[in-house]
Each structure stands twice: as structure tokens, then as C-alpha cells.
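Undergrad: Can you look at this prediction? I've put the sequence above it.
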Amino acid sequence: MTFKAAVLGSPIKHSLSPLIHNHAYKVLGFDGDYAAMEVKQDELRSFLSPERLSDPNWCGFSLTMPLKEEICSKDYTDLIEVDARAARIQSANTIFREGRNWKATSTDVTGIEFLLNDKKFNKVAILGAGGTARAALDSRQLENTEIFICRRSASRDSQIIEAFPEHRIQFLAWDEIEQIEGVDLLINTVPDDGISSVYFDPQVAPILLDAIYSPWLPTLSRRQLEGGGQLLSGIDLLCAQAIFQIEAMTQKSFDRQSLFSELKKVALQSLQ
């Protein structure tokens, strides 16, 4: 039996997920096919039909925004069990089968933790307040740190404060971005068209974790490299979160670092 999996979203043609997941299946000897499927926000419920979810060939789905937030709503409780981590950040990028049940989780969190490894930080700045930003807030490396969140809208502030009462968070308006200085880590979750017109000192942080990989290289990633800083790129994050998705969907054990390196190599080659 050939298993099926897919990344869902709109637009979805630019996604590198089919490339890296299908390559991982070959490396692992897993009989599966991973596709990109155009699914708009108002189409997700009908796509996740009882017929599709009961099909034993399907082993998982990856979600892009805004589907990551939609799947955590009460409208899906009869279909999908959202784990505690995804419920806390109200974002799930992975749906996978566990026995007869379907579960949703955030491998954005575990992917960020994988990239940051054993690093410790005192002061962190995050650009954006969406699902990926909240995933970063849930990573263990941001515990007991001073956190600045620079966002274009205050609409999610109360949600973040409620979800992370243990964090010391200061919110900044988008036009206050220049106030960010002296941070150990900068995390960017804002698409390139929202950041390219903003002046930002490339020396603001020794480490940049940029969740964006399209276009390649995105603005902040390029500036970070030009300034001599360390870059954890959008390709790094794409491949890091993918290894945990692959683990959940295939139920196979493997060396995570080895597979990560293999997937990163394939993804970067496709961008050359």
C-alpha cells in the first residue's frame, strides 16, 4: 500500500515541502507520496471529510497559514484532537494519524527547538505575532528571557499574554522597530514584502532565525550574512519542522540530524 500525505494551503505552488518529504521517503524506504494541494480557508472542513480521514492510505497533512489557526478552532473538535502545545499557541501545522484517531500538533515549535539546540538567551526580539511567532514563544530556549514583540497590529496581544503568562513580553508598534537593540536573538516571521522597506541594522543580533525562504535569500537573511552574523534560515526551519512531521506521519525512527542535513542539501540545491 502506498501511503498518501500532502501540504494544504493557498497559494501552495511555491511550497518546497513535496520535494523534501518525498526525498525523505526515498531515504527512509517509506512507500509514500506527498503532494501539494490547493485548499483555501473556507474549504478545509470539506477537504477533511469523514471519507478522506477514514481512508487508511492517508497518513498526514501539513498546514500553511491561515489553516494552522483554523484547525485549532472548535469547528474541528469532532474530527481532530489538538494537542496541548498546539492548543496553547492556537496553531497546528501537522495533522497525523494515530491508530484510528487523527491528531494535530505544531512541529514549528519542535523545529525551532531543534535549530536553537542548547543555546541560551537573555533578550530576544520577534517580528510578527502570528502562528510561527507564537511557536517560537513556546520553545524551551525562550524560557526566562526578556522578549520584545514588534507587530503591525495589536489584535493578538491579549491572546499572547493569556497563553504565555510566564513570559516577560513588551509589545512594540511596527514603526518602533528601530528601538530593538542589544538582543541575543532576532526571530523574523514577517513575509519579505512586509520587511524589505524597513531599515533594520544587520548588527542588531548575533543570531537571526528567519522563518521566511521565499524569495531566496529574503531581505533580513541577506543583511544578516552581509553583517557577518549567524543565520538560521527559512530553509533550516522548513527542514527542521519537516523531520518531526515525517516522524509523526511515517512512524519511522531515524537520526534526526542526518535527515535534516540531507533535506537541507536537497532544498538548497533546488533554489540555485
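TA: Now that the structure is in, tell me what you want to look at.
Undergrad: Could I get the full set of helices for the stretch 101-250 of the chain?
TA: 107-116, 131-137, 157-163, 192-195, 219-226, 234-250 (DSSP state H, counting those that start in this stretch).
Undergrad: Mean neighbour count and distance to Asp78 for these - can I get that in a markdown table?
TA: C-beta: built from backbone N, CA, C; applies to glycine. Listed next are the helices of the stretch 101-250 of the chain as a markdown table, based on neighbours: other C-beta atoms under 10 Å; distance: least, C-beta to C-beta, whole Å:
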| stretch | mean neighbour count | distance to Asp78 |
| --- | --- | --- |
| helix 107-116 | 24 | 24 |
| helix 131-137 | 27 | 22 |
| helix 157-163 | 14 | 24 |
| helix 192-195 | 17 | 36 |
| helix 219-226 | 19 | 41 |
| helix 234-250 | 24 | 21 |
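Undergrad: which stretch among these comes nearest Cys59?
TA: helix 234-250 (4.7 Å; C-beta to C-beta).
Undergrad: export the closest one as PDB, just CAs?
TA: Extracted C-alpha coordinates of helix 234-250, given in PDB (Å, rounded to 0.1, in the frame of the first residue of the first chain):
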ATOM      1  CA  GLY A 234      13.800  29.700   6.400                       C
ATOM      2  CA  ILE A 235      15.200  26.600   4.700                       C
ATOM      3  CA  ASP A 236      16.700  25.500   8.000                       C
ATOM      4  CA  LEU A 237      13.300  25.900   9.700                       C
ATOM      5  CA  LEU A 238      11.400  24.300   6.800                       C
ATOM      6  CA  CYS A 239      13.600  21.200   7.100                       C
ATOM      7  CA  ALA A 240      13.700  21.100  10.900                       C
ATOM      8  CA  GLN A 241      10.000  21.200  11.300                       C
ATOM      9  CA  ALA A 242       9.600  18.700   8.400                       C
ATOM     10  CA  ILE A 243      11.700  16.000  10.200                       C
ATOM     11  CA  PHE A 244       9.200  15.900  13.000                       C
ATOM     12  CA  GLN A 245       6.300  15.800  10.600                       C
ATOM     13  CA  ILE A 246       7.900  12.900   8.800                       C
ATOM     14  CA  GLU A 247       8.500  11.100  12.100                       C
ATOM     15  CA  ALA A 248       4.800  11.500  13.000                       C
ATOM     16  CA  MET A 249       3.400  10.600   9.600                       C
ATOM     17  CA  THR A 250       5.600   7.600   8.800                       C
END
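Undergrad: And that helix, what does it pack against?
TA: Other helices and strands packing on helix 234-250, by 3 or more C-beta pairs under 8 Å, 6 or more residues apart in numbering; DSSP states H and E, are strand 3-9, helix 17-28, strand 58-63, strand 94-98, helix 107-116, strand 207-210, helix 256-271.
Undergrad: Looking at the ones you listed, spot the one closest to Thr77.
TA: That would be strand 94-98 among the helices and strands packed on helix 234-250, by C-beta to C-beta, at 13.5 Å.
Undergrad: Adjacent strands (with direction) for the closest one?
TA: strand 58-63 (antiparallel), strand 101-105 (antiparallel) (DSSP bridges).
Undergrad: Name the residues that touch the first one?
TA: Strand 58-63 has contacts (C-beta atoms under 8 Å, 6 or more residues apart in numbering) with 3-9, 17, 21, 32, 48, 52, 71, 92-97, 245, 248-250.
Undergrad: Skip ahead from it and say which helix or strand is next.
TA: Downstream of strand 58-63, the first helix or strand assigned by DSSP states H and E is helix 67-70.
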